[in-house]
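A.B. asks: return atomic coordinates for the entry below.
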Amino acid sequence: MKEQSDILVKLIHDAAGQVGPLDGIDGEAMARRAIRHERTRRGVIGGAAAIVLAAVGATGVIWFTDRQALPALLPWFSNSGEVRSDGLVFEVPDGYEKFSPTGDPMWGLDPVIPGELDMESLPSAESWVAVDPVDGVPLVGRQVGNPVVDTEVPGAASAKYSWYSADGAGEPMADELTADAGDFVGELDVQLADGTVVRVTMKLHDDPTPQATFERLVDTVRIDEEYEGPETLPMIPQEDLPLLEAGEVPASWRQAEFHGLEYAAPDDWTAGGQDLENPGDTLILERQDDKVELRMELTDHLMYIENAQIAAEYAELGEDLPYYRFDLAGSDVAQVRIERFDGEYQAYIEVRRAGGRGYMVNFFGRPGAGDLDDDLAALLGSLGLTAASKDGAIAYDDLDPADPLLQDPPSDWEADTFEGLEMSLPQELKSDEGTWGIWSSDSPDSWEDLSVSLWDLEAYEQPFDLDESGYRYEPPGTTRGVVTVGTSTETGEPTFLGHATFWLTADGRKSFEVRYEGSGATEERWWQILASLDAADLDVP
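C.D. replies: Numbering: from 1, shown residues only. Predicted coordinates for the structure are as follows:
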């Protein structure tokens, strides 16, 4: 997942560098915002195809604002194929075939469809249709200044569409993602009854009437009354995973502790410039030949639920599970995922004290490291939980209060409400249509982002730990909260970063996060925004 995400971010950067400017549109700023708002593979702009097209669509063409009468002859025939995807039913032009280059279905004109296990043949199609849910991402046509047209889709709560002309991509991830200069891209957003927004994207290459072809597609879309939601496999609970037996710890290994997690490692392994007696939140040990690395981290967000879902997919396919459980007294999560490829050995261990701290212990071997199964078994056998593992954070009351730092917002700031959360924001911060919990301000010289995330965690999930190095603060409606002030380098330049986590309930499972950052963001504004927060009426859906 992370590797896919990193590839997409690189593609956005590469594509942004090849976009021709449109007056008033900053291609780099658009790519930067896409990177900042990048979430899951399906949740950003609707799959890999749309992410790349959003980056290359920074040059727009203004089209007619009124829908034109459809010409008598279109590249569409009476035997057009009717297809279903993500709660929608629609027709695709004659000759479009189904293919799945990114794991999600697409329909393309004369695509190259690879055979089973044929990794050398990449799927491709010059013209295609893709469908994916989106979360808080405006239509690209709107971003480049083209009109947005409201339309009716039978059974939908609402629908709107727009379009743009691509200016050519950089190096495509696959042939079907290539957008040549002048290619037409149309996007239709359909809101389902449950509030989900599903985006239909159509890319057309060398079509003599592209807008008419796209609007013909729009006219065929309707809600799928038989749709019962996305297909999901039941998770495989930890107790049903195969057991990986722990091994004996060699007498020569050094015993140590990492924030309440006992472990052992060979005595001659070194910590790169770190204090073994007082480790930070991450500790890295390496074998003398640098071919084996042990990394330990404190974490609030374990991957064990996602691992259980992936394990279910493996089981459905009849494949051997690369996920295992192991015995660890006092834990409610003790899992390991093992991967071997190209001579590398990777073991991802996750441990959580029941009601306490979570740990990631990653054990990596590079090519030439040798057989590490026995070393992994010994490492698992060395793990134990001490009393310190019960502590989720330092005593909350010991944190410095934020109240002396709060400042009243200026009188010209505008009041805003998000799901019942009241706040005051600078006039420059605007929430684009279709975005959810994001306010942005972009200019040629600076940018600012404010985002609010709501959390309602299940009983089996750990609540978010409150930061150990921040200021305690409880706006109205909250039980606990911690505010931090720092610097981010995620966009390649140092920018201000303010972050706050607030518990709405005593157990922390209903909570919300506020993140404020940007080259134009300031600490003064951060404290002013915080001072205006009122969560008394906040409803976490």
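A.B. asks: tell me where the stretch 101-250 of the chain has helices.
C.D. replies: Under the criterion DSSP state H, counting those that start in this stretch, helices of the stretch 101-250 of the chain are mapped to 140-143, 210-220.
A.B. asks: comparing the ones you listed, which comes out most buried?
C.D. replies: Compared across these, helix 140-143 shows the largest average neighbour count, a mean of 22 (mean count of other Cβ atoms under 10 Å). Using the backbone N, CA and C atoms, a C-beta is placed for each residue, glycine as well.
A.B. asks: report all helices and strands that that helix contacts.
C.D. replies: Packing contacts for helix 140-143, counted by 3 or more Cβ pairs under 8 Å, 6 or more residues apart in numbering; DSSP states H and E, involve strand 158-165, strand 184-191.
A.B. asks: 10 Å - rerun?
C.D. replies: Where contact means 3 or more Cβ pairs under 10 Å, 6 or more residues apart in numbering; DSSP states H and E, helix 140-143 is packed against helix 27-36, helix 47-56, strand 158-165, strand 184-191.
A.B. asks: kindly export it (C-alpha atoms) in PDB.
C.D. replies: Extracted in PDB, the C-alpha atoms of helix 140-143 (Å, rounded to 0.1, in the frame of the first residue of the first chain):
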ATOM      1  CA  VAL A 140     -10.800  18.800 -12.000                       C
ATOM      2  CA  GLY A 141     -12.800  20.800 -14.500                       C
ATOM      3  CA  ARG A 142     -13.900  23.100 -11.800                       C
ATOM      4  CA  GLN A 143     -10.300  23.500 -10.500                       C
END
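A.B. asks: avg pLDDT for it?
C.D. replies: Averaged across helix 140-143, the pLDDT comes to 80.
A.B. asks: off-centre distance for that helix?
C.D. replies: The chain centre lies 21 Å from the centre of helix 140-143; the measure is Cα atoms, centre = their mean, to the nearest Å.
A.B. asks: quick one, what contacts Phe464?
C.D. replies: 300-301, 392, 455, 457, 482, 501-503, 508-509, 511-513 (Cβ atoms under 10 Å, 6 or more residues apart in numbering).
A.B. asks: widest-spaced pair of these?
C.D. replies: Farthest pair in these (Cβ to Cβ) is Gly392 and Phe512. Separation: 18.3 Å.
A.B. asks: looking at these two, which one has more neighbours?
C.D. replies: Phe512 (26 against 20; other Cβ atoms under 10 Å).
A.B. asks: and the more buried one, bridged to which residues?
C.D. replies: Taking DSSP bridges, one obtains Leu454, Phe502 as the residues bridged to Phe512.
A.B. asks: so it sits against Leu538, correct?
C.D. replies: Yes. Between Phe512 and Leu538 there is a contact under Cβ atoms under 10 Å: 6.8 Å.
A.B. asks: tell me, what's touching those two both at once?
C.D. replies: Taking Cβ under 10 Å, 6+ apart as the contact rule, Phe512 and Leu538 both touch 418-419, 421, 452, 454, 477-478, 502, 504.
A.B. asks: show me which of those are buried.
C.D. replies: 418, 421, 452, 454, 477-478, 502, 504 (16 or more other Cβ atoms under 10 Å).
A.B. asks: would you turn those into TSV with distance to His205 and pLDDT?
C.D. replies: Listed next are those as TSV, based on distance: Cβ to Cβ, whole Å; pLDDT from 0 to 100:
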residue	distance to His205	pLDDT
Phe418	41	92
Leu421	45	95
Val452	40	94
Leu454	41	91
Gly477	53	95
Thr478	53	95
Phe502	49	94
Leu504	50	92
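A.B. asks: widest-spaced pair of these?
C.D. replies: Phe418 and Thr478 (14.8 Å).
A.B. asks: contacts only, for the closest residue to Glu523 other than its chain neighbours.
C.D. replies: Leaving aside its sequence neighbours, Glu523 sits nearest to Val485 (Cβ to Cβ, 6 or more residues apart in numbering; 5.8 Å). Going by Cβ under 10 Å, 6+ apart, Val485 touches 402, 405, 469-471, 496-500, 516, 523, 526-527.
A.B. asks: out of the residues you listed, who's the most crowded?
C.D. replies: Busiest of the contacts of Val485 [other Cβ under 10 Å] is Ala500, holding 27 neighbours.
A.B. asks: am I right that it is in a strand?
C.D. replies: Yes. Ala500 sits within a strand when classified using DSSP: H, G, I helix; E, B strand; the rest coil.
A.B. asks: touching, Val333 and Leu302? I think so.
C.D. replies: Yes. Contact status for Val333 versus Leu302: in contact at 6.0 Å, counting by Cβ under 10 Å.
A.B. asks: any shared contact partners between the two?
C.D. replies: With Cβ under 10 Å, 6+ apart as the test, Val333 and Leu302 both reach 350-352, 358-359, 462.
A.B. asks: what residues are bridge-paired with Val92?
C.D. replies: Applying DSSP bridges to Val92 gives these bridge partners: Gly81.
A.B. asks: now Trp128: how far from His499?
C.D. replies: 39 Å (Cβ to Cβ, to the nearest Å).
A.B. asks: let me have the shared contacts of Val333 and Leu302 in JSON lines, adding secondary structure and distance to Asp268 as columns.
C.D. replies: Converted to JSON lines, these look like this (DSSP: H, G, I helix; E, B strand; the rest coil; distance: Cβ to Cβ, whole Å):
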{"residue": "Glu350", "secondary structure": "strand", "distance to Asp268": "27"}
{"residue": "Val351", "secondary structure": "strand", "distance to Asp268": "25"}
{"residue": "Arg352", "secondary structure": "strand", "distance to Asp268": "30"}
{"residue": "Gly358", "secondary structure": "strand", "distance to Asp268": "29"}
{"residue": "Tyr359", "secondary structure": "strand", "distance to Asp268": "24"}
{"residue": "Gln462", "secondary structure": "coil", "distance to Asp268": "35"}
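A.B. asks: so Val514, which state does it fall into?
C.D. replies: strand.
A.B. asks: report pLDDT for the residue lying closest to it once chain neighbours are set aside.
C.D. replies: Leaving out its chain neighbours, the residue that sits closest to Val514 by Cβ to Cβ, 6+ apart is Ala500, at 4.7 Å. Looking at Ala500, its pLDDT stands at 95.
A.B. asks: and for Thr489?
C.D. replies: At Thr489, the pLDDT value in this model is 79.
A.B. asks: ditto for Met360
C.D. replies: Reported pLDDT for Met360: 89.
A.B. asks: residues contacting it?
C.D. replies: The contact partners of Met360, by Cβ under 10 Å, 6+ apart, come to 282, 295-299, 301-303, 348-352.
A.B. asks: which helix or strand contains it?
C.D. replies: In the assignment (DSSP states H and E), Met360 maps to strand 358-365.
A.B. asks: quick one: contacts of the following helix or strand past that strand?
C.D. replies: Sequence-wise, the next helix or strand downstream of strand 358-365 (DSSP H and E) is helix 373-382. Contact with helix 373-382 is made by 244-250, 253-256, 262-266, 287, 292, 294, 324, 326-328, 334, 336, 338, 340, 345, 347, 349, 351, 361, 363, 365, 369, 372, as judged by Cβ under 10 Å, 6+ apart.
A.B. asks: what's the burial count for the residue nearest to Glu419 when sequence neighbours are not counted?
C.D. replies: Leaving aside its chain neighbours, Glu419 sits nearest to Asp539 (5.4 Å; criterion: Cβ to Cβ, 6+ apart). Counted by other Cβ under 10 Å, the residues lying close to Asp539 total 11.
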